[in-house]
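*Asks:* Sequence first, then the predicted structure:
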Amino acid sequence: MSVSIRRAGGKIPLAMVSIRPARLFDISEVVRIERASFNEEYPRGIFLTFLESNPDTFLVAEYGGRVIGYVMGYLRPDMEGHIMSIAVDPEYRRNGIGTALLTEVIERLINEGARYIGLEVRVSNERAIRLYESLGFRRIKRIMGYYADGEDAYYMLLPVEEWGGRN
């Protein structure tokens with residue numbers, strides 16, 4: 001049985017989507033996806049610096065030669081694997097790409113020695129919160145005024161011993 005993901009205009013086989021480390025020439029597409037996804041945007045230089053310092057945990061999802069999503073993770077000195085940013089091209093959302101990106105980066109961070117995985121998410125982003133909770137993340141605290149527009153964030157945590165691994 002072939003596993004596939006839905007998208008506007010039809011299905012694409014999940015086997016045709018590859019998750020791989022980002023490369024320098026991917027940054028323009030990553031910036032495009034980020035700008036289509038968030039009100040607050042990181043400057044291009046942040047992505048370049050992150051790529052240089054975290055080449056194994058800055059990942060992209062690619063389909064048909066096109067970058068359709070990305071995730072940026074890194075290992076903090078306290079051994080927290082942290083998800084800095086994740087986004088999927090609006091045309092490909094709600095099709096498992098975010099789950100695939102998160103699963104891969106979590107596995108890589110655990111292999112680097114992470115004891116837990118943390119992230120921040122807007123309290124209004126219910127879809128993302130449901131995704132994170134489906135992977136085992138728990139809301140730990142509310143951070144008041146975390147975002148520039150004043151919105152609060154949840155700090156969410158996944159203890160490594162509770163990670164179920166790849167499904």
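*Replies:* Everything's here; your move. Residues are numbered from 1 along each chain as shown.

*Asks:* For the rest of this, base every contact and every neighbour count on C-alpha atoms.
*Replies:* Fine.

*Asks:* what's near enough to touch Arg76?
*Replies:* By CA atoms under 8 Å, 6 or more residues apart in numbering, Arg76 lies in contact with His82.

*Asks:* show me where this protein has strands.
*Replies:* Applying DSSP state E to the chain gives strands spanning 4-7, 10-13, 17-21, 58-63, 66-75, 80-88, 116-122, 138-143, 153-159.

*Asks:* Name the strands paired with the longest one and say parallel or antiparallel.
*Replies:* Strands adjacent to strand 66-75 in the sheet, as given by DSSP bridges, are strand 58-63 (antiparallel), strand 80-88 (antiparallel).

*Asks:* Using CSV, list the CA coordinates for that strand.
*Replies:* Output of strand 66-75 as CSV, limited to C-alpha atoms (Å, rounded to 0.1, in the frame of the first residue of the first chain):
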residue,chain,number,x,y,z
ARG,A,66,11.4,22.3,-4.5
VAL,A,67,11.8,23.1,-0.9
ILE,A,68,8.4,22.9,0.8
GLY,A,69,9.2,23.1,4.4
TYR,A,70,12.0,23.6,7.0
VAL,A,71,12.9,23.1,10.6
MET,A,72,15.7,24.6,12.6
GLY,A,73,16.9,22.9,15.8
TYR,A,74,20.0,23.1,17.9
LEU,A,75,21.5,21.7,21.1
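
*Asks:* Show residues contacting that strand.
*Replies:* 26, 29-30, 33, 50, 54, 57-62, 81-89, 92, 97-98, 101-102, 105, 109, 112, 114.

*Asks:* mind checking which helix or strand of this protein has the lowest mean pLDDT?
*Replies:* Within the chain, judged by mean pLDDT, DSSP states H and E, the helix or strand with the poorest mean is strand 4-7; its value is a mean of 45.

*Asks:* about what we covered before: now tabulate the strands of the chain in CSV and tack on distance to Arg130 and mean neighbour count.
*Replies:* Listed next are those as CSV, based on distance: least, CA to CA, whole Å; neighbours: other CA atoms under 10 Å:
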stretch, distance to Arg130, mean neighbour count
strand 4-7, 19, 16
strand 10-13, 23, 12
strand 17-21, 22, 19
strand 58-63, 21, 23
strand 66-75, 17, 24
strand 80-88, 14, 21
strand 116-122, 11, 21
strand 138-143, 10, 15
strand 153-159, 11, 20
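
*Asks:* Need the single longest helix in this protein, by residues.
*Replies:* helix 97-111 (DSSP state H).
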